[in-house]
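**Q** Pasted the sequence and its predicted model underneath.
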Amino acid sequence: MHEMSLCEGVLLILEDNAGKQGYRRVKTVWLEIGNLSGVEVEAMRFGFDVVTNGTLAEGANLEIIEVPGEAWCMQCSKTVPVTQRFDACPDCGSYQLQVTAGDEMKIKELEVE
Amino acid sequence: MCTVCGCGEGETTIEGHGHAHAHEHEHGHDHHHAHAHAHAHAHDHDNKNRQHGEHTHDYGQGPAHAHAPGLSQSRMVQIEEDILGRNNEYAAANRRWLGEHGILALNLVSGPGSGKTTLLTRTIDDLKAELELSVIEGDQQTANDADRIRETGVRALQINTGKGCHLDGHMVGHALETLKPVDGSVLFIENVGNLVCPAAFDLGEAHKVAILSVTEGEDKPIKYPDMFHAADLMLLNKIDLLPYLQFDVDRCIDYARRVNPGIKVLQVSATSGAGMDSWYKWIRATQQLALIGL
């Protein structure tokens, strides 16, 4: 997808927070990436290493917390698991689903010094 | 000074900042300066044509980072920030500005070769007498598309994303400053031909309009679900070619509704003109909503 841009976005947030939170080096970054977000985790890891090279996050570990996809089925009136946006409801086969989890791309936590 | 992000134009170099980038402006002479920002820009402003909106924004140059890591004790910091949060802030600022000026912005997204620029030039030719129009063109390289648009007599601004695969809210914010679309007008933003990345990047538009041509596979909506999920309207283009193709229109629309139950679909041909009236009615109706700030 656009993992390089996302990594640049991560780096910006790290650099922005460096002043606010008073750190000079990032050792570990925990990202929350939903399974429906379209993010390729391996590409994210590669992009992260490239983008952070020569920055305050150079050599930092990237920990990715994957969030499973969930959707609200309007027919069944309940939450069901989905692995893709166009999945049918596993119970009733309807496509009238509203994704409720799994499209997040967030920085969760940092280990800094 | 950029009103959105505060980055300067024509300023001197600010070295040693958290995140340094080269900014290149051509106003007869070049300035190179660094500032705290996400992107490298090369703005090519041709002053004599400035009032006609003939500009190219080039984002082809890479960032330069410089940091001196220090030493202190390790600790944990909770951040909980959306990775796209910054883009969303720019997009929100664009949307607010567009709303205040009653401008309808449509973000046209499609794969390469869907006939997007042809559809846009025909739309402009047919609507320019009744509506005030302007165009932001996004491509990795060349100003060919903006040139095609300008041939219609409408103001256009080219953004070259360089290595980038999509337009983002920040680029569009700068483009708005240069292009200055008039109050109550319609702004078409032709995104980079790519069915993947532009889905995630809000530009501040009122609607994403996905263009899919019948010469592509009918399963594109489920192959690239994020884009069709993000779009409010799908234009199924080149329907004049249907007699020569094995393309199941109903199945294609069904796939689109699987990823986006609320998507509206219009079948059009930019070359024959079939269905274009419906598209124009949709534009007029949404423009009326933009005028009352909805």
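**A** Perfect, I can see it now.

**Q** From now on I want contacts and neighbour counts done on CA atoms only, so please keep to that.
**A** OK.

**Q** who touches A:Glu109 in this structure?
**A** Counting by Cα atoms under 8 Å, 6 or more residues apart in numbering or on different chains, A:Glu109 touches A:Val29, A:Trp30, A:Leu31, B:Met76, B:Val77, B:Gln78, B:Ile79, B:Glu80.

**Q** element containing it?
**A** Assigned by DSSP states H and E, A:Glu109 falls within strand A:105-112.

**Q** Equivalent analysis for B:Arg257, please.
**A** Element membership of B:Arg257, judged by DSSP H and E, is helix B:249-259.

**Q** Would you state the helices of chain B in chain order?
**A** For chain B, helices defined by DSSP state H occupy the ranges B:85-100, B:116-127, B:144-150, B:169-179, B:220-223, B:225-230, B:249-259, B:276-291.

**Q** okay, the ones you listed in TSV with mean pLDDT next?
**A** Shown next, in TSV, are the helices of chain B (pLDDT from 0 to 100):
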stretch	mean pLDDT
helix B:85-100	95
helix B:116-127	96
helix B:144-150	93
helix B:169-179	95
helix B:220-223	94
helix B:225-230	93
helix B:249-259	95
helix B:276-291	97
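
**Q** most packed of those helices?
**A** Mean neighbour count (mean count of other Cα atoms under 10 Å in any protein chain shown) peaks for helix B:225-230 among the helices of chain B, with a mean of 25.

**Q** number of nearby residues for the residue of the stretch 101-250 of chain B found nearest chain A?
**A** Ranked by Cα to the nearest Cα, the top residue of the stretch 101-250 of chain B for proximity to chain A is B:Cys197, at 5.6 Å. For B:Cys197, the count of nearby residues is 21 (other Cα atoms under 10 Å in any protein chain shown).

**Q** Check the one 4 residues further on too.
**A** Taking other Cα under 10 Å as the criterion, the count of residues near B:Phe201 is 16.

**Q** Check B:Arg75 too.
**A** Neighbours of B:Arg75 (other Cα under 10 Å): 12.

**Q** pretty sure it is touching A:Val29, no?
**A** No: contact criterion Cα atoms under 8 Å: B:Arg75 and A:Val29 do not qualify, at 12.0 Å.

**Q** shared neighbours, those two?
**A** A:Glu111.

**Q** show me where chain A has strands.
**A** Taking DSSP state E, the strands of chain A run over residues A:26-34, A:61-67, A:70-73, A:78-81, A:97-101, A:105-112.

**Q** And the contacts of the first one?
**A** Translated: strand A:26-34. A:14, A:39, A:56-69, A:101-113.

**Q** So how do I select the buried members of the residues you listed in ChimeraX?
**A** Selecting just the buried residues from the contacts of strand A:26-34 in ChimeraX takes one command, with 16 or more other Cα atoms under 10 Å in any protein chain shown as the test:
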select /A:14,39,56,57,58,59,60,61,62,64,65,66,67,69,101,102,103,104,105,106,107,108,109,110,111,112,113
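
**Q** tell me which parts of chain A are close to chain B?
**A** Applying Cα under 8 Å from any Cα of the partner chain, we find that chain A lies next to chain B at A:1-2, A:5-6, A:8-10, A:12-13, A:15, A:21, A:23-25, A:38, A:54-56, A:85-88, A:95-96, A:104-113.

**Q** how about the strands in the stretch 1-150 of chain B?
**A** For the stretch 1-150 of chain B, the strands defined by DSSP state E, counting those that start in this stretch occupy B:23-26, B:30-33, B:41-45, B:55-58, B:75-82, B:104-110, B:133-139.

**Q** Tell me where the chain is predicted with low confidence.
**A** I went with chain A, as the question did not name one. For chain A, the stretches with pLDDT under 70 are A:1.

**Q** hmm, I had chain B in mind actually
**A** Residues of chain B meeting the criterion pLDDT under 70: B:1-55, B:59-73.

**Q** related to what we said a few turns ago, with distance to B:Asn144 and neighbour count as new columns, can the contacts of A:Glu109 be given to me in a markdown table?
**A** Listed next are the contacts of A:Glu109 as a markdown table, based on distance: Cα to Cα, whole Å; neighbours: other Cα atoms under 10 Å in any protein chain shown:
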| residue | distance to B:Asn144 | neighbour count |
| --- | --- | --- |
| A:Val29 | 42 | 22 |
| A:Trp30 | 42 | 19 |
| A:Leu31 | 40 | 23 |
| B:Met76 | 50 | 14 |
| B:Val77 | 47 | 17 |
| B:Gln78 | 46 | 12 |
| B:Ile79 | 43 | 16 |
| B:Glu80 | 42 | 15 |
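
**Q** tell me which parts of the stretch 151-294 of chain B are close to chain A?
**A** With Cα under 8 Å from any Cα as the criterion, the stretch 151-294 of chain B comes near chain A at residues B:Gly164, B:Cys165, B:Val196, B:Cys197, B:Ile222, B:Pro225, B:Asp226, B:Arg258, B:Val259, B:Pro261.

**Q** The first one and B:Gln140 touch, don't they?
**A** Yes: shown here, B:Gly164 and B:Gln140 form a contact pair, counting by Cα under 8 Å, at 6.7 Å.

**Q** No more questions from me, cheers.
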